[in-house]
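S.K.: what would the 3D arrangement of this be:
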Amino acid sequence: MNRPLRRTLIFLLPAAAIAAFAWYAARPQPVAVVVARVQTGLVEATVANTRAGTVKACRRARLAPPQGGQVAELLVRKGDRVKEGQLLLRLWNDDLAAQVALARSEAQAASARADETCLLADVARREAQRITSLHQQKLVSDEQRDRSATDALARAAGCTAARASARVSNDRVQLNEALLERTLLRAPFAGTVAETTGEVGEYVTPSPPGIPTPPAVDLVDNSCLYVVAPIDEIDAPRVTENMPARILLDAFGNRPFPGHVRRIAPYVLDVEKQARTVEVEVEFDEPQETIRLLAGYSADAEVILDRREGVLRIPTEALQEGGHVLLFDDSRGVLERRSIETGLANWQHTEVLRGLAEGDRVVTSIDREGVRDGAAATVEDSASGTDR
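M.R.: This next block holds a predicted model:
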């Protein structure tokens, strides 16, 4: 090899090495992506509440006496279980109790007088019959006959008046008993005392019209519970009564409880002008599972509009705008944009009708920098749970 050629090679070889290194360093680096396998499974189309709902009791009564007065007895405390008709509270009513006792005594006296009067009327009637018979035999005068008949009629009228007076006395007893009952507060149904207001010796008054006041006893029937939750007004037309639903409770670690839609509000709430909602009531399908639940718990409700089992599905987070996904090509190590046709969808899964096959791997980390069609990529360690 001549000297000029050798000198040229000495300069070219380092330059080539530098160029090769620069190219290697500047080449696009594969982007790390998270992928999920296309699998078969269940997909549901659901409508969820926009804000937290509330567990409510089917029956809840905020009770107060119909009239004011001083509390003489408060017979229950918060948390007590009561039976239907059980006495909860009594206002001072000694005066009314005395009036009831007086009315009962008067009614007994009136009844006795009526019995006496009617007994004498019966005697007079029989005497008039006897005198009439004697008159027919010409043994008594016309005057005696007329006098006995008149006496019988008068005593019969007295019997009628006495019976009416006795009924008035009985009605007066019922009136006084009703007035006395207005001082007693009884449980309209079996349930649990949620709250009591007031103590013995304090005065309670009924709420004035349009001005609510705390109830003397707040009674809740926890044997029947349901959830009230708001849904977006746009979703409301798709929800109908008796649709299956799922209830999730924070207090039970979001454990799902099966339920169904029992009622849809006939109006739209505009508490928030920019987010108008419709209230939906969801009832528990298994009441025995609600024994430990309490009215007032926060809850979420998902109404199941449709469901399909055993269909191809992908994570919804893998779906791009326009119905596209990025498919990871194992053989080339690059990302390929694929158009697909979708069916039912929710926040977790989307049904795939056409465009993918079971076992394909789609990218779920589509928001990462460099994730695009044709980009070289590597899959993050599947042991970490990212390759699903």
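S.K.: surely Tyr297 and Ala57 touch.
M.R.: No. Taking contacts as C-beta atoms under 8 Å, Tyr297 lies outside contact range of Ala57: 11.1 Å. For the C-beta atoms, the positions are set from N, CA and C on the backbone; glycine is no exception.
S.K.: ok, those two, which is more surrounded?
M.R.: A direct count of neighbours by other C-beta atoms under 10 Å for Tyr297 and Ala57 places Ala57 higher, at 21 against 17.
S.K.: how close does the more buried one sit to Asp122?
M.R.: 60 Å (C-beta to C-beta, to the nearest Å).
S.K.: just checking, next helix/strand downstream of the lowest-mean-pLDDT helix or strand in the chain?
M.R.: Sorting the helices and strands of the chain by mean pLDDT, DSSP states H and E puts helix 3-26 at the bottom, at a mean of 55. Of the helices and strands lying after helix 3-26 in sequence (DSSP states H and E), the nearest is strand 31-33.
S.K.: contacts for that next one next, please.
M.R.: Contacting residues not belonging to strand 31-33 are listed as 326, 328, 335, 363, 365, 368-371, 375-380 [C-beta atoms under 8 Å, 6 or more residues apart in numbering].
S.K.: now list the buried members of those.
M.R.: 326, 328, 335, 363, 365, 371, 375, 377, 379 (16 or more other C-beta atoms under 10 Å).
S.K.: now the residues you listed in JSON lines, with distance to Leu344 and secondary structure?
M.R.: Formatted as JSON lines, the buried ones among the contacts of strand 31-33 follow (distance: C-beta to C-beta, whole Å; DSSP: H, G, I helix; E, B strand; the rest coil):
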{"residue": "Leu326", "distance to Leu344": "22", "secondary structure": "strand"}
{"residue": "Phe328", "distance to Leu344": "24", "secondary structure": "strand"}
{"residue": "Leu335", "distance to Leu344": "26", "secondary structure": "strand"}
{"residue": "Val363", "distance to Leu344": "22", "secondary structure": "strand"}
{"residue": "Ser365", "distance to Leu344": "24", "secondary structure": "coil"}
{"residue": "Val371", "distance to Leu344": "26", "secondary structure": "coil"}
{"residue": "Ala375", "distance to Leu344": "30", "secondary structure": "coil"}
{"residue": "Ala377", "distance to Leu344": "29", "secondary structure": "strand"}
{"residue": "Val379", "distance to Leu344": "28", "secondary structure": "strand"}
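S.K.: quick check, nearest of those to Asp80?
M.R.: Of all the buried ones among the contacts of strand 31-33, Asp80 sits closest to Ser365, with 56.4 Å by C-beta to C-beta.
S.K.: pull the number of nearby residues for the nearest residue to that closest one once chain neighbours are set aside.
M.R.: With sequence-adjacent residues excluded and distances taken as C-beta to C-beta, 6 or more residues apart in numbering, Ser365 is closest to Val34, at 4.0 Å. Val34 has 22 neighbouring residues, counting by other C-beta under 10 Å.
S.K.: and the lengthiest strand in the chain, how far from the chain's centre?
M.R.: Longest strand in the chain, counting residues (DSSP state E): strand 298-315. Distance, stretch centre to chain centre, for strand 298-315: 22 Å (C-alpha atoms, centre = their mean, to the nearest Å).
S.K.: sketch out the low-pLDDT regions of this structure for me.
M.R.: By pLDDT under 70, the weakly predicted segments of the chain are 1-28, 210, 271-274, 291, 381-388.
S.K.: show me where the stretch 51-200 of the chain has its helices.
M.R.: Taking DSSP state H, counting those that start in this stretch to define them, one finds helices in the stretch 51-200 of the chain at 94-136, 142-181.
S.K.: can you list those in a markdown table and add mean neighbour count?
M.R.: Converted to a markdown table, these look like this (neighbours: other C-beta atoms under 10 Å):
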| stretch | mean neighbour count |
| --- | --- |
| helix 94-136 | 16 |
| helix 142-181 | 16 |
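S.K.: can I get the ones you listed in CSV with distance to Glu84?
M.R.: Listed next are the helices of the stretch 51-200 of the chain as CSV, based on distance: least, C-beta to C-beta, whole Å:
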stretch, distance to Glu84
helix 94-136, 24
helix 142-181, 16
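S.K.: tell me who's in contact with the closest residue to Leu269 other than its chain neighbours.
M.R.: Among residues not flanking Leu269 along the chain, Thr277 sits closest, at 5.1 Å (C-beta to C-beta, 6+ apart). Going by C-beta under 8 Å, 6+ apart, Thr277 touches 50-51, 230-233, 268-269, 271.
S.K.: out of those residues, which end up buried?
M.R.: 50, 230-231.
S.K.: closest one of those to Gly253?
M.R.: Using C-beta to C-beta, those come closest to Gly253 at Thr50, 22.3 Å.
S.K.: in three-state terms, label that closest one for me.
M.R.: What DSSP: H, G, I helix; E, B strand; the rest coil gives for Thr50 is coil.
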